[in-house]
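> structural data only, the sequence is not supplied:
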RNA sequence: GGCUCGUUGGUCAAGGGGUCAAGACGCCGCCCUCUCACGGCGGAAUCAGGGGUUCGAGUCCCCUACGAGCUGCCA
């Protein structure tokens, strides 16, 4: 059996959206599961849509996600070039197209845009929303019947031309997909698609077939949206007399409205997600589970585990909704599993964004590790360290803690001199001080701790409790905040 | 409009004719607890509809409905 070779063939048109990322991932996994090669090929045959810097985004994304390619523009494996515009320079696409012309499987077409437009037929109600109003065009093979002389003549006159596939009008074409099974389409439905554009570039569809064959790609993995055009690919393979690869068409990924993900939905691309505070491993893991599930029913899986367990035959047929809520959960799982040092390094920039004081960032980092879903949650969780927020005295009243303004005032008044006298502001020291006060007064932990935590944070909820926060804030700031609380409570009670 | 594909809880999903249809996210409740999280325990919630085939159907066939994709000198 020949070595498995898959390819990721993006067109450099912008950021890599999660659908493309999943395609790349599955291609990588299929290859690596069989110890095969994963190839990167840039499909830049559309100069109109080419975006500067997009190739760098592709490199960055593959590197960031760990989908390391074995061959590509930057890694020659003997099947180059790996950029279609460079391949075109050698004239291979035109040569192959001409071979098809010689066989009668393709033909020159000189039709003008105007003539093509006249073939279009409107249907649907034009009063309806634009989406219902479509045009249908199937080329009428007008130029198929040009004589050899006529063609030579037009070519000599430099009349612009394209080369079209010559599909039969009768019979049917069948291909097999690893996920969707056998699909048969009447040849009558097959349009004579363009192989070579008038600018000399091949269309994606044609370049794909030629390149996949020349690069010995064994498994063609791509989005479901290509299912409809695959019969035309099959005809091309047959006309060339080439062996077809294994087709693996992937179900669509949709947004919550069950529509194709769009750039506007915000969470569409890998880089968007990174900016939203998601971590790479979680994104990869989550995306892997959109359309596939592990046979041993595990969900949190490293790339290595995915390689080991992935089997493309288990891929789902139905479209999957991209559920960012579940991604958030998975992201939080990855953060919790992460080594403390590693998390600290990732969290530090987010911490420094809201805290400029000289505090123990590492301890803050440890406090938030189990409490955040994305790195972007950090800011609002810890901003009170930097500055005490304005808060209402009513916050001291808590039913479950059995506290109110009076009881809180008493606790804080009792504790203030002890805190003032305390030298060691370590967590343990503060803890034993408060604990002994609580047992001395025979009150509940909550009755003693709620007022303190409220006073030093000004928040209903905080990462960590009173001991942790006080020890991080330090003596001076803690005392200052407690005195402020006492003032507020006194004022409120006297009114 | 035509062609193609799809349809198991709100979401991801297991399930290839025969236990009360797994599991996860989310949601709700309880426990733990100085708050919020973490963790633990429990709960509600699903086979789109209709016909067949069969002793028996989420699983096979047909129809309907709904959804999606394609219908570009885009990929």
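That came through fine. The model shown is predicted, which means the values in this text are computed figures rather than measured ones.
> so residue A:291 sits against residue A:250, correct?
Yes: contact criterion Cβ atoms under 8 Å: residue A:291 and residue A:250 qualify, at 6.2 Å. All C-beta atoms are positioned from the backbone trio N, CA, C, and that covers glycine.
> neighbour-wise, which of those two wins?
Neighbours were counted for residue A:291 and for residue A:250 using other Cβ atoms under 10 Å; residue A:250 has more, 27 against 21.
> now the phi/psi pair for the more buried one, please.
With angles defined as degrees, to the nearest 10, residue A:250 sits at phi -90, psi 140.
> name the residues of the stretch 151-300 of chain A found near RNA strand B, please.
With Cβ under 7 Å from any atom of the strand as the criterion, the stretch 151-300 of chain A meets RNA strand B at residues A:160, A:162, A:180-181, A:183-186, A:189, A:191, A:194, A:197-199, A:201, A:203-205, A:224-229, A:251-252, A:254, A:258-260, A:289-293, A:295, A:297, A:299.
> among those residues, which are located in helices?
Within those, residues falling in helices by DSSP state H are A:204, A:205.
> common neighbours of residue A:291 and residue A:250, please.
With contacts taken as Cβ atoms under 8 Å, 6 or more residues apart in numbering, residue A:291 and residue A:250 have A:22, A:315 as neighbours in common.
> skipping its backbone neighbours, what lies nearest residue A:45 in space?
Excluding the flanking residues, the one nearest residue A:45 by Cβ to Cβ, 6 or more residues apart in numbering is residue A:201, at 4.7 Å.
> what of residue A:62?
residue A:69 (6.3 Å).
> same question, residue A:279
residue A:334 (5.6 Å).
> which of the three states applies to the one you found?
helix (DSSP: H, G, I helix; E, B strand; the rest coil).
> hmm, it is touching residue A:280, no?
No: applying Cβ under 8 Å as the test, residue A:334 and residue A:280 come out as separate, 9.1 Å apart.
> quick one: the strands in the stretch 151-300 of chain A?
Counting by DSSP state E, counting those that start in this stretch, the stretch 151-300 of chain A has strands at residues A:162-165, A:172-177, A:181-186, A:194-196, A:219-223, A:246-250, A:253-254.
> rebuild those as JSON lines, extending it with distance to residue A:350.
Shown next, in JSON lines, are the strands of the stretch 151-300 of chain A (distance: least, Cβ to Cβ, whole Å):
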{"stretch": "strand A:162-165", "distance to residue A:350": "53"}
{"stretch": "strand A:172-177", "distance to residue A:350": "44"}
{"stretch": "strand A:181-186", "distance to residue A:350": "48"}
{"stretch": "strand A:194-196", "distance to residue A:350": "50"}
{"stretch": "strand A:219-223", "distance to residue A:350": "35"}
{"stretch": "strand A:246-250", "distance to residue A:350": "34"}
{"stretch": "strand A:253-254", "distance to residue A:350": "28"}
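> could you dump those to a markdown table with mean pLDDT and distance to residue A:339?
Formatted as a markdown table, those follow (pLDDT from 0 to 100; distance: least, Cβ to Cβ, whole Å):
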| stretch | mean pLDDT | distance to residue A:339 |
| --- | --- | --- |
| strand A:162-165 | 96 | 55 |
| strand A:172-177 | 93 | 42 |
| strand A:181-186 | 91 | 45 |
| strand A:194-196 | 95 | 53 |
| strand A:219-223 | 95 | 34 |
| strand A:246-250 | 95 | 34 |
| strand A:253-254 | 89 | 31 |
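> run the contact check for the longest helix that chain A contains versus RNA strand B.
Longest helix in chain A, counting residues (DSSP H): helix A:475-494. No: counting by Cβ under 7 Å from any atom of the strand, RNA strand B is not contacted by helix A:475-494; separation bottoms out at 13.6 Å.
> show me which residues of that helix are buried.
For helix A:475-494, the neighbour count (16 or more other Cβ atoms under 10 Å) marks A:475, A:477, A:478, A:479, A:481, A:482, A:485, A:486, A:488, A:489 as buried.
> do I have it right that the residue nearest to residue A:45 meets residue A:88?
Yes: counting by Cβ under 8 Å, residue A:88 is a contact partner of residue A:201 at 6.3 Å.
> so for these two, which residues contact both of them?
Common neighbours of residue A:201 and residue A:88, using Cβ under 8 Å, 6+ apart, are residue A:45.
> how about residue A:320, phi and psi?
Per-residue torsions, residue A:320: phi -120, psi 140 (degrees, to the nearest 10).
> wait, isn't it in contact with residue A:253?
Yes: here residue A:320 reaches residue A:253: they are 5.6 Å apart, a contact under Cβ under 8 Å.
> of these two, who's got more company?
Neighbour count, other Cβ under 10 Å: between residue A:320 and residue A:253, residue A:253 has more, with 24 against 17.
> now that one. Nearest residue, chain neighbours left out?
With sequence-adjacent residues excluded and distances taken as Cβ to Cβ, 6+ apart, residue A:253 is closest to residue A:19, at 4.8 Å.
> any idea how many residues pack against the residue in chain A positioned nearest to RNA strand B?
Distances between chain A and RNA strand B by Cβ to the nearest atom of the strand are smallest at residue A:465, namely 2.1 Å. Residue A:465: 17 surrounding residues under other Cβ under 10 Å.
> excluding residues flanking it in the chain, which one is nearest it?
Excluding the flanking residues, the one nearest residue A:465 by Cβ to Cβ, 6+ apart is residue A:453, at 6.1 Å.
> ok, the nearest residue to residue A:46 once chain neighbours are set aside - contacts?
With Cβ to Cβ, 6+ apart as the criterion, residue A:46 has its nearest non-adjacent residue at 6.4 Å, and that residue is residue A:11. Shown in contact with residue A:11 (Cβ under 8 Å, 6+ apart): A:42, A:43, A:44, A:45, A:46, A:49, A:204.
> and the fourth one, helix, strand or coil?
To tie it back to what came earlier, the one meant is residue A:45. Put simply, residue A:45 is coil when judged by three-state DSSP.
> touching, it and residue A:205? I think so.
No: between residue A:45 and residue A:205 there is no contact under Cβ under 8 Å: 9.8 Å.
> which of these two has more neighbours?
More crowded of residue A:45 and residue A:205, by other Cβ under 10 Å: residue A:45, with 23 against 18.
> gap between that one and residue A:113?
Using Cβ to Cβ, to the nearest Å, we find residue A:45 at a distance of 20 Å from residue A:113.
> does any part of the strand or helix carrying residue A:24 sit near RNA strand B?
Using DSSP states H and E, residue A:24 maps to helix A:18-33. No: Helix A:18-33 lies apart from RNA strand B when judged by Cβ under 7 Å from any atom of the strand; the minimum separation is 8.7 Å.
> same check, this time on stretch A:447-461
Yes: counting by Cβ under 7 Å from any atom of the strand, RNA strand B is contacted by stretch A:447-461 at A:449, A:450, A:452, A:453, A:460, A:461.
> which of these lies closest to residue A:32?
Each of those was scored against residue A:32 by Cβ to Cβ, and residue A:461 proved nearest at 44.0 Å.
> a strand runs through the closest one, doesn't it?
No: assessed with three-state DSSP, residue A:461 is coil; it does not lie in a strand.
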